[in-house]
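Participant: can't give you the sequence, but here's the structure:
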């Protein structure tokens, strides 16, 4: 089954069961955000929710870990731009 979601304003598709980070890799995209000072691209680092390199805006929520969030139909994902506060995720 394929899932349709929005990535940076563009409609994309991926297999069901992937995390947002996994979907990005499936789509051939390696960068999930850019740093505040140097606008340097950042990718997945740990992939298990420990670091903060994969923070993205997901469904209007800022600083969500893409490696820990399963893609849902209709989800709206926006690349991280610069510094963001780390939200506690239970």
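Facilitator: The structure has been received and is ready for your questions. As the structure is a prediction and not an experimental result, all values here were calculated from the model.

Participant: average model confidence for stretch 76-85?
Facilitator: Computed over stretch 76-85, the mean pLDDT rounds to 76.

Participant: Now do the lowest-mean-pLDDT helix or strand in the chain: which elements does it pack against?
Facilitator: Across the helices and strands of the chain, mean confidence by mean pLDDT, DSSP states H and E is lowest for strand 80-81: a mean of 76. In terms of contacts (3 or more CB pairs under 8 Å, 6 or more residues apart in numbering; DSSP states H and E), strand 80-81 is packed against strand 33-34, strand 55-58. C-beta here means a position set from N, CA and C on the backbone, and glycine is covered the same way.

Participant: Now the weakest link among those, please, by mean pLDDT.
Facilitator: strand 33-34 (a mean of 85).

Participant: Please name the strands paired to it in the sheet, noting orientation.
Facilitator: strand 41-42 (antiparallel), strand 80-81 (parallel) (DSSP bridges).

Participant: which residues are contacting the least confident helix or strand of the chain?
Facilitator: With contact meaning CB atoms under 8 Å, 6 or more residues apart in numbering, strand 80-81 is reached by 32-34, 42, 55-57, 63.

Participant: quick one, what contacts the residue nearest in space to the middle of the chain?
Facilitator: Centroid-nearest residue in the chain, with CA atoms, centre = their mean: residue 66, separated by 3.8 Å. By CB under 8 Å, 6+ apart, the contact set of residue 66 is 19-21, 24, 32, 44, 54-56, 58, 77.
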